[in-house]
Every structure is written in structure tokens, then in C-alpha cells.
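*Asks:* pasting the structure only:
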């Protein structure tokens, strides 16, 4: 440490981590071996965050902040842990403190965008928008502000404004990472509102000289913009481009998984950077493909409808140590299916909900969490959600809309859950009857009704999962930007 005697509790923690295996153990050993230098503590904390060990990461970053107050590294780490925990009040305070304490730091634009993001997640969208427009007026070249504003406008249902924002600032900063960030936002919007235009823009981006950032965006948006039959050719072309890209090691692995090239994936894993993003998931996938058994802990499936707090449950399960597939497989970006649950411990959202009977048969020891919400409030929230994402103004228009984002896959899920019914209230009633009748004789250890809107949180969830409740607040994520409620 910088001054005084070493923090004995930190040394003990690092000692415990270092006796394990993998990147976190290596990082802890490096920090101990260097005499707890700031740079090594920072690397150790970041590695623990990537490994999902947020409790110990927080201890490391707190020690770093105490011992090296002249650098923002510890405070940044604590802020990022708060974001990972979806503790938005604490995250907001942390980012605002960094902006005040280090006003001339090179990372100031990122911190300020995180202030706006935290405000957005807390339901304070007008305040976030005002801050972002003020920052853009001062620094129009900082596309991080532009992207955050575009995302806010889109989440608020103002998609034309969001697209116009990406156009207005597209030539201000031509750095590949910034261009890829704007391209992601445009394709996300067009995929929902104008898929033919989105696919045309995608093709234009494919024809350009590749960068690692842009190739990653194109890979991740492929399932959203193209039907299953079209994806193999696109992924194959992306893989060919990634082979010649020095910074595309993780992208090559993810693309091989999407192509179901298990042999190629296992071969390339031997060359992967141990500190790479997604490393924990990639290692686990490699183990499963090599024949290792899946996790012994029971699978957890969250089977509520959209706008019932499912995103908050996904965050909570991740915090408790479950490897969660929330709506999509985060490695391939395809909608999650039954076959993904060799790697993942938990599944959340409508692609899971719609097949809960099959999941119950395939995983007889699984636990099911039924997220609920008062019917009238849910109807209002769902209609606002669909208006923002589909653009339709009536239930009948939504029912007859052509497949767009995620094509026929997601369209068929929405038809089964929602649009085969005359109105959303009927859909809610039918789903509630289907779930409750299926689980009417299930033991309490296997089925939990969970209402975050009524105040349910860690006590109910952790008692059901038989784990210790964290000390920080229960996550409240993906709030409706017009109402401040969780999704």
C-alpha cells in the first residue's frame, strides 16, 4: 500500500484468491508479489468483476481508493461494481464524485455519460436528457454522449429523433470504436422500426474495410436482423474477416459457437487471451463441449411476461452467482433455447417463459420464479413498451404487424403469449391461469410467485434459493422511462 502498514484483511483476501486457478488467481498473486501496487490492485479488481466476484472486487477497489486517493482507479472500480449490481443510487453518487474530484481527467466524458445513464436507469430521463444535451453542446466530438442520448430517446419512444441524432454526429468523430457504437444504435432502432433499411445498412457496413469493433457489432446484430436460414452465410463471412483481424480472438470464438463449429471453437480456445471478455463463459462452454458435467446447482427459470420485473430478476440471479441467459445467449446473441442450459444456470424472459413446460420436463429439479404484476398496471406498461418498440398505436395493429426484430422467432413467441388474444387483459388472464394451473401441486421449494412491485426482494428470493441475501439493495433495472418502474 502507499502508506502505513499493509491492509491485513486485503492481504488475506488476495491470499485466498491466489490459491485458486484462472485469471483472478493470477491477478491476486501479481498484486501480492508487487507489494500491492495500484496498477496491480486495479487489474485484480477488474479481473474479479469479469469473473462475477463482485463482493471481493468491491473490497479490492475500496482498499485501492483508500491507499491511492491521487488516482481515480479505486473510485472508478467502486462505481462500476455499483453498476454491475444495478445499485443506481450509489452508482450515480460515485460517478458524480469522480466528475467533481477529477475534472481534467481524460476519462471525464465516460464518467459524465455514466452519470446520465444512472439517471436514466433511475427513471429521471428528463434530467439525463438535459445533461446530455448540455455535454454535447460543449463537446460534440464525444460520441459517447451522442450514443447515450440516442439510446435514451429510443427508450422513450422517440426513435426518429434517435436516428436523426446518429446522422447529425456521424462525421464528427471517425474513430472506429465510435463509428461502431453509432452503427449499433442505428441497427438496433432500424431492426425494430424499419428492418429492410436496417438490413441494407448492414450490407453496406459489411462491404467496408473491417475493424474489430464494427465486426463485433455486425456479429451481434445478425440474429436480430436476419432469419435463421440467412445467418450461416453471414457468420461465415464475418469469421473469414475476423481470421485476419488481430483483435478479433473473442469474436472468432463466438462466431464458431454460432456456426456450431465445436471442434474449431475448442481448437481456438487454446490460443485465447486469459483476460479476454466473456472468458468465464467461454471457459465454461469449452468444459461442457469437452464432456464436463453441468453445474450441480438447480436451474432457475424466471417465467413472467414482459414488464413484470424480469430484468431485475436476471440482475439479482447474476449477483447471487447464477450464470444467466437473459432473453438471449450473450455469446451468440441468439434467442435463448433449451439447449443453452448446459452452460447457463438460469434463464429469463419470454423465450424461457413460452417453453416453461418443456423446461420443467427436461430439468425436473429446476426452480421456477413466476414474476407478476397487478393486471391493470401491467396492461398499461406492456402497451407503452410495444408502442416504443413496434410503433403501433392499437392492439389490433400490433397483432397484425409483420415480423421485424428477431424475425419469425420472436414474432411467434409474441403471438403465443400476447397477440392471439383479443386484448392484453385477456392475454394476462390466460397466462396467469396457464402458469398457476401447471404449478398448483408443485412444492414451495420449486415454485415462487414474485412481485417486485409489491416490495418483494432479497428475502423472498434468497429464502427460495436457500442462499444468503446480499447487503446491497435489490436491483431495479430497465425502468420504464416514462414511469420509473422496473421491467
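*Replies:* Ah, there it is. Being a predicted model, the structure only gives us computed values, none of them experimental.

*Asks:* who's in contact with the closest residue to residue 373 other than its chain neighbours?
*Replies:* Among residues not flanking residue 373 along the chain, residue 308 sits closest, at 4.7 Å (C-beta to C-beta, 6 or more residues apart in numbering). (Glycine included, C-beta is placed from N, CA and C.) Contacts for residue 308 (C-beta atoms under 8 Å, 6 or more residues apart in numbering) come out as 371, 372, 373, 378.

*Asks:* hey, where'd the helices end up in the stretch 51-200 of the chain?
*Replies:* Taking DSSP state H, counting those that start in this stretch as the test, the helices found in the stretch 51-200 of the chain are 54-67, 73-84, 88-101, 108-121, 125-138, 143-155, 159-168, 176-193, 195-206.

*Asks:* buried sites along the longest one?
*Replies:* For helix 176-193, the neighbour count (16 or more other C-beta atoms under 10 Å) marks 178-193 as buried.

*Asks:* My guess is residue 227 contacts residue 408. True?
*Replies:* Yes: using C-beta atoms under 8 Å, residue 227 is in contact with residue 408, at 6.3 Å.

*Asks:* ok so, going back, what's the spacing between the residue nearest to residue 373 and residue 64?
*Replies:* 39 Å (C-beta to C-beta, to the nearest Å).

*Asks:* do the same with residue 72
*Replies:* According to C-beta to C-beta, residue 72 stands 10 Å off from residue 64.

*Asks:* Compare these two and say which is more crowded by neighbours.
*Replies:* It is residue 64, of residue 72 and residue 64, that has more neighbours when counted by other C-beta atoms under 10 Å, with 30 against 19.

*Asks:* who's in contact with the more buried one?
*Replies:* Residue 64 is in contact with 38, 41, 42, 45, 73, 74, 77, counting by C-beta under 8 Å, 6+ apart.

*Asks:* okay if I get these as a markdown table plus neighbour count, pLDDT and distance to residue 446?
*Replies:* Shown next, in a markdown table, are these (neighbours: other C-beta atoms under 10 Å; pLDDT from 0 to 100; distance: C-beta to C-beta, whole Å):
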| residue | neighbour count | pLDDT | distance to residue 446 |
| --- | --- | --- | --- |
| 38 | 18 | 85 | 48 |
| 41 | 28 | 86 | 43 |
| 42 | 21 | 87 | 43 |
| 45 | 29 | 87 | 37 |
| 73 | 19 | 93 | 44 |
| 74 | 22 | 93 | 43 |
| 77 | 25 | 94 | 38 |
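
*Asks:* Can you lay out the residues you listed as TSV showing distance to residue 9?
*Replies:* Shown next, in TSV, are those (distance: C-beta to C-beta, whole Å):
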residue	distance to residue 9
38	18
41	14
42	18
45	15
73	19
74	15
77	17
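
*Asks:* and which of those is nearest residue 241?
*Replies:* Ranked by distance to residue 241 (C-beta to C-beta), these are led by residue 42 at 33.1 Å.

*Asks:* give the contact list for that closest one.
*Replies:* Counted by C-beta under 8 Å, 6+ apart, residue 42 has contacts 61, 64, 73, 74, 77.

*Asks:* Need the max-distance pair from those residues.
*Replies:* Greatest spatial distance in the contacts of residue 42: 61 and 73, 7.9 Å, computed using C-beta to C-beta.

*Asks:* overlap in contacts of the two?
*Replies:* Here residue 61 and residue 73 have 41, 42 as joint contacts, going by C-beta under 8 Å, 6+ apart.

*Asks:* any chance of the helices of the stretch 51-200 of the chain in TSV, with distance to residue 241 too?
*Replies:* TSV is the format used below for the helices of the stretch 51-200 of the chain (distance: least, C-beta to C-beta, whole Å):
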stretch	distance to residue 241
helix 54-67	35
helix 73-84	31
helix 88-101	36
helix 108-121	28
helix 125-138	33
helix 143-155	23
helix 159-168	24
helix 176-193	14
helix 195-206	8
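
*Asks:* so which of those gets nearest residue 324?
*Replies:* Nearest to residue 324, of the helices of the stretch 51-200 of the chain and by C-beta to C-beta, is helix 73-84 at 12.7 Å.

*Asks:* per-residue pLDDT, the closest residue in space to residue 161 that isn't next to it in sequence?
*Replies:* Nearest residue to residue 161 in three dimensions, chain neighbours excluded: residue 153, at 4.7 Å (C-beta to C-beta, 6+ apart). With respect to pLDDT, residue 153 scores 91.

*Asks:* on that earlier part again, just give me the closest of the contacts of residue 308 to residue 303.
*Replies:* Nearest to residue 303 among these is residue 371, at 7.6 Å by C-beta to C-beta.

*Asks:* quick one, what contacts that closest one?
*Replies:* Applying C-beta under 8 Å, 6+ apart to residue 371 gives the contacts 302, 303, 304, 305, 308, 309, 310, 313, 450, 451, 452.

*Asks:* before we move on, could you check phi and psi at the closest residue to the last one other than its chain neighbours?
*Replies:* Yep, that's residue 452 we're talking about. Excluding its sequence neighbours, the residue lying closest to residue 452 (C-beta to C-beta, 6+ apart) is residue 309, at 3.8 Å. Torsion angles at residue 309 (phi, psi; degrees, to the nearest 10) stand at phi 90, psi 20.

*Asks:* Now for residue 309, how many residues are close by?
*Replies:* Residue 309 has 26 nearby residues by other C-beta under 10 Å.

*Asks:* Against residue 121, how distant is it?
*Replies:* Taking C-beta to C-beta as the measure, residue 309 falls 14 Å from residue 121.

*Asks:* Residue 449 now?
*Replies:* Distance of residue 449 to residue 121, computed by C-beta to C-beta: 26 Å.

*Asks:* cool, residue 114 as well?
*Replies:* 10 Å.

*Asks:* Wasn't residue 301 part of a helix?
*Replies:* No: when classified by DSSP: H, G, I helix; E, B strand; the rest coil, residue 301 is found to be strand rather than part of a helix.

*Asks:* who are the neighbours in contact with it?
*Replies:* Taking C-beta under 8 Å, 6+ apart, we find residue 301 in contact with 346, 347, 348, 352, 356, 359, 363, 366, 367, 368, 369.

*Asks:* The last one and residue 312 touch, don't they?
*Replies:* Going back to what we said before, that points to residue 369. No: if you go by C-beta under 8 Å, residue 369 and residue 312 don't touch, sitting 11.2 Å apart.

*Asks:* if I look at the two, which residues touch both of them?
*Replies:* Contacts common to residue 369 and residue 312, judged by C-beta under 8 Å, 6+ apart, are absent.

*Asks:* Now do the end-to-end distance for stretch 80-96.
*Replies:* 13 Å (C-alpha to C-alpha, to the nearest Å).

*Asks:* got a list of contacts for that stretch?
*Replies:* 49, 54, 57-58, 61, 75, 78-79, 111-112, 114-115, 118-119, 121-122, 312, 315, 319, 470, 472-473, 475-477.

*Asks:* Mind doing that once more with 6 Å?
*Replies:* With contacts defined as C-beta atoms under 6 Å, 6 or more residues apart in numbering, stretch 80-96 is touched by 54, 57-58, 78-79, 111, 114-115, 118, 121-122, 315, 319, 472-473, 475, 477.
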